[in-house]
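>>> please find the sequence and the predicted model below.
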Amino acid sequence: MKRLRTAGVIVLALLLVAGGVAWTQRGVIAEKVMAKVFDRAMGSDLPAELPDGLHVGLCGSGSPMPDPTRAGPCTVVIAGTRVFVVDSGTGSTKTLSLMNIPPARVDTVLITHFHSDHIADLGELMLQNWAAGARKTPLPIYGPTGVEQVVAGIDTEYTADRGYRIAHHGEKVVPPTGFGGQAHPFAITKGGPNVTIIDEPDLKVIAISVDHGPVDPAVGYLFIYKGRSVLVSGDTVPCARLEAAAKNVDVLVHEGLQPDLVNLQHEAAVAHHRDNLAAILHDILSYHTTPEQAAAMAQRAGAKYLLFTHVIPPLPIRALEGPFLGKARSLYRGPIRVGRDGDLISLPAGGTLVVYSNRLKDLF
Ligand SMILES: [Zn+2]
Ligand SMILES: [Zn+2]
C-alpha cells in the first residue's frame, strides 16, 4: 500500500514537471504547430484534390448582419477543375483561403445582384486573384447589366494600390495586364427567360431571373456538370422561374429569413428607439424567403438536398437552427442543412453520391 502511494506521488510529480515544461515552452510548441499548419496550407489545393464532379461550398453563409461565425454571402462552385464564385460578401475571400481554395484559383465570378453585402469583398477577391496568381488577364466577372459599373468602380478604387504592388513586387509577380476585373454583363428581364452564360458539352451555367423587388435585376445561377446540378437562389421571394430551375437539382442552395427571429430584433430596436434599424428590419421581411417557403418549394420541385445560406438573422449558436427552420423539416422530405462557413457538398460525376464535409473544422 505504501509502495503504491509512493508510486502515485512520483507519477503526479512527473506530470506536474511535464506540464510545467509544456507551459514554459508553449511559445516554442505553438511555433512548431504553426509551421505545420503553414506547410499543410501551402501544399494544399482543394480544387485539385477533389474527385471529378460538381462541388458547392459556402465561403460566406451570412447576410449583412454581423455574425461572428459567418462571412457575408459567398458560394463557391467547383466544376471539374474550374472554380466559380457566386457573390463576394464581406470577409468571404479570407474564408475561401481558409477552406484551402486559393483566391488565385478562382476562374470566374458571378454576381447575383448589386446589394452591398453581395459585392463588399469583390475588390479584395480581384486583388488576391491577381497578386497571388500572377494573372495576365483581368478576372472575368459576370452579372446582370450594371456589373460593368461595379467593376469599373472597384478598378478605380484600387488604382493607387495597383501602382504600389507593381512598384514593390515587379511586373513578373504582378503583371500590369492582369489587374482588376473584366465585366461580362448580360441582359435579363424580371420574370423573363433564363440566360445561358456558359454552354459547353460538360458544363452549363444558366442565370435565372428571381424576384427581389425593388432590386432589379436579380438572378440565381444553375450549374450543370456531367449530369450533376446545383442551383444558387440569390436573394428572392418564392418565384415560379426559380422553382422551375430547381426541378430535380442535386443541391438547392437557398437563402432564408426567419421572420419570428427577425421580429425579436425588431422589438429590441423599437425598445431602444433605433428607428432606422427598426424600419429596415420591418422592410426586409418583404423581399426574402422564409425557411418554410423554401422547404415547400424544394419539395414541389423535387430538389434532392436543401442547403440554407444567407441566413437571417445571425445564428451564432447551433441551438438557434431549430427556431430558424421553424416547420421546414415537416414540409420537405429530403436532407436540410443550415449552412455554416466552410460547408462543402461534393457531387462526384457519373453517380448519385452526395458527400458532406466542413473545410474549416480541421484547420488546426
Ligand atoms: Zn439582396
Ligand atoms: Zn443579400
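Yep, that arrived. Ligands and ions are numbered 1, 2, ... in the order given.
>>> and the residue of the stretch 151-300 of the chain closest to ligand 1?
Using C-beta to the ion, the closest approach of the stretch 151-300 of the chain to ligand 1 is made by residue 235 at 3.5 Å. In short, each C-beta sits where N, CA and C put it, glycine included.
>>> let me know how buried the residue lying closest to that residue once chain neighbours are set aside is, in neighbour terms.
Nearest residue to residue 235 in three dimensions, chain neighbours excluded: residue 212, at 4.6 Å (C-beta to C-beta, 6 or more residues apart in numbering). The tally of other residues near residue 212 (other C-beta atoms under 10 Å) stands at 25.
>>> the residue of the stretch 151-300 of the chain closest to ligand 1: what secondary structure?
Classification of residue 235 using DSSP: H, G, I helix; E, B strand; the rest coil returns coil.
>>> contacts only, for it.
Contacts for residue 235 (C-beta atoms under 8 Å, 6 or more residues apart in numbering) come out as 112, 113, 115, 118, 210, 212, 215, 218, 255, 287, 288, 310.
>>> nearest to residue 11 among these?
residue 310 (54.0 Å; C-beta to C-beta).
>>> for the closest one, which three-state class applies?
strand.
>>> so which strand or helix has the closest residue to it other than its chain neighbours?
Leaving aside its chain neighbours, residue 310 sits nearest to residue 255 (3.8 Å; criterion: C-beta to C-beta, 6+ apart). Assessed by DSSP states H and E, residue 255 sits inside strand 251-257.
>>> contacts for that strand next, please.
Against strand 251-257 from outside (C-beta under 8 Å, 6+ apart): 56, 58, 73, 75, 229-236, 246, 284-285, 288-291, 294, 297-298, 301, 303-313, 324, 338-339, 345, 347, 354.
>>> next step: those residues restricted to helices.
291, 294, 297, 298, 301, 324 (DSSP state H).
>>> which ones are touching the nearest residue to the last one once chain neighbours are set aside?
This points to residue 324. Leaving aside its sequence neighbours, residue 324 sits nearest to residue 258 (C-beta to C-beta, 6+ apart; 4.7 Å). If you count contacts by C-beta under 8 Å, 6+ apart, residue 258 has them with 290, 291, 312, 313, 323, 324, 325, 326.
>>> for the residue of the stretch 151-300 of the chain closest to ligand 1, what are phi and psi?
phi -90, psi 130 (degrees, to the nearest 10).
>>> tell me the pLDDT of it.
pLDDT recorded at residue 235 is 97.
>>> quick check: the gap between it and residue 226.
Remark: distance between residue 235 and residue 226 (C-beta to C-beta, to the nearest Å) = 29 Å.
>>> residue 140 falls within a strand, correct?
Yes: the assignment for residue 140 (three-state DSSP) places it in a strand.
>>> so it makes contact with residue 108?
Yes: between residue 140 and residue 108 there is a contact at 4.9 Å, judged by C-beta atoms under 8 Å.
>>> spatially nearest residue to residue 130 (excluding sequence neighbours)?
residue 178 (5.0 Å).
>>> what's the local residue count around that neighbour?
Neighbours around residue 178, by other C-beta under 10 Å: 17.
>>> likewise for residue 196?
Around residue 196 there are 12 other residues, counting by other C-beta under 10 Å.
>>> next, the buried residues of stretch 112-132.
112-115, 117-131 (16 or more other C-beta atoms under 10 Å).
>>> so which of the residues you listed also contact ligand 1?
residue 115 (C-beta under 5 Å from the ion).
>>> of the buried residues of stretch 112-132, which belong to helices?
117-119, 122-131.
>>> now do the SS call for residue 168.
Residue 168 is classified as helix under three-state DSSP.
>>> residue in the stretch 1-150 of the chain nearest to ligand 1?
For the stretch 1-150 of the chain, C-beta to the ion, closest residue to ligand 1: residue 115, 3.5 Å.
>>> contact partners for that residue?
So residue 115 contacts 64, 215, 235 (C-beta under 8 Å, 6+ apart).
>>> gap between it and residue 89?
10 Å.
>>> near ligand 1, which residues of the stretch 201-350 of the chain?
Residues of the stretch 201-350 of the chain lying near ligand 1 (C-beta under 5 Å from the ion): residue 235.
>>> ligand 2 contacts on the chain?
115, 117, 235.
>>> residue contacts, the second one?
For residue 117, the set of contacting residues under the criterion of C-beta under 8 Å, 6+ apart consists of 63, 64, 72, 73, 89, 90.
>>> how about the third one, nearest residue that isn't a chain neighbour?
For residue 72, ignoring the flanking residues on the chain, the nearest one in space by C-beta to C-beta, 6+ apart is residue 89 at 2.3 Å.
>>> what bridges to the residue nearest to residue 310?
residue 309 (DSSP bridges).
>>> of the ones in helices among the buried residues of stretch 112-132, which is the nearest to ligand 2?
Nearest member of those to ligand 2, counting by C-beta to the ion, is residue 117, at 4.8 Å.
>>> quick one: pLDDT of the closest one?
96.
>>> three-state assignment of the closest residue in space to it that isn't next to it in sequence?
Closest residue in space to residue 117, ignoring its immediate chain neighbours: residue 64 at 4.1 Å, by C-beta to C-beta, 6+ apart. Look at residue 64: counting by three-state DSSP, its state is coil.
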